[in-house]
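Trainee: Okay, structure incoming, though there's no sequence with it:
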């Protein structure tokens, strides 16, 4: 996970618009906001995304 993806996740989280575990809605918001890197990341590695949401740690390190 790179810094751009982290910033995009945190921007959606900080909006308070959705539960961050509702991945389809997070994906929809990411699409609306033009966060294409996040959309790709969610499609490729949901497990790492959930790990980040639970722990704040990047699983790929």
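Mentor: All right, it came through fine. Predicted model, so just to flag it, every value in this text is computed and none were measured.
Trainee: got a list of what the most centrally placed residue in the chain touches?
Mentor: For the chain, the residue sitting closest to the mean C-alpha position, by C-alpha atoms, centre = their mean, is residue 9 at 3.9 Å. With contacts defined as C-beta atoms under 8 Å, 6 or more residues apart in numbering, the neighbours of residue 9 are 20, 38, 49, 52, 53. (C-beta placed from N, C-alpha, C; glycine too.)
Trainee: now swap in residue 30 and tell me
Mentor: Under the criterion of C-beta under 8 Å, 6+ apart, the contact list for residue 30 reads 8, 12, 36, 38, 39, 42.
Trainee: Can you give me the distance of it to residue 46?
Mentor: Shown here: residue 30 relative to residue 46, a distance of 13 Å by C-beta to C-beta, to the nearest Å.
Trainee: Check residue 54 too.
Mentor: If you measure residue 54 against residue 46 using C-beta to C-beta, the figure is 12 Å.
Trainee: which stretches of the protein aren't confidently modelled?
Mentor: Under the criterion of pLDDT under 70, the regions of the chain flagged as low confidence span 60-61.
Trainee: If you count neighbours, what's buried in the longest helix anywhere in it?
Mentor: For the chain, the helix with the greatest residue count under DSSP state H is helix 3-15. Going by neighbour count (16 or more other C-beta atoms under 10 Å), the buried part of helix 3-15 is 5, 8, 9, 12.
Trainee: Surely the last one and residue 18 touch.
Mentor: Translated: residue 12. Yes - judged on C-beta atoms under 8 Å, residue 12 makes contact with residue 18 at a distance of 7.2 Å.
Trainee: distance of the residue nearest to the centre of the chain from residue 52?
Mentor: Counting by C-beta to C-beta, the gap between residue 9 and residue 52 amounts to 7 Å.
Trainee: returning to that earlier point: out of the buried residues of helix 3-15, which one sits closest to residue 58?
Mentor: In terms of C-beta to C-beta, no member of the buried residues of helix 3-15 lies closer to residue 58 than residue 5, at 9.3 Å.
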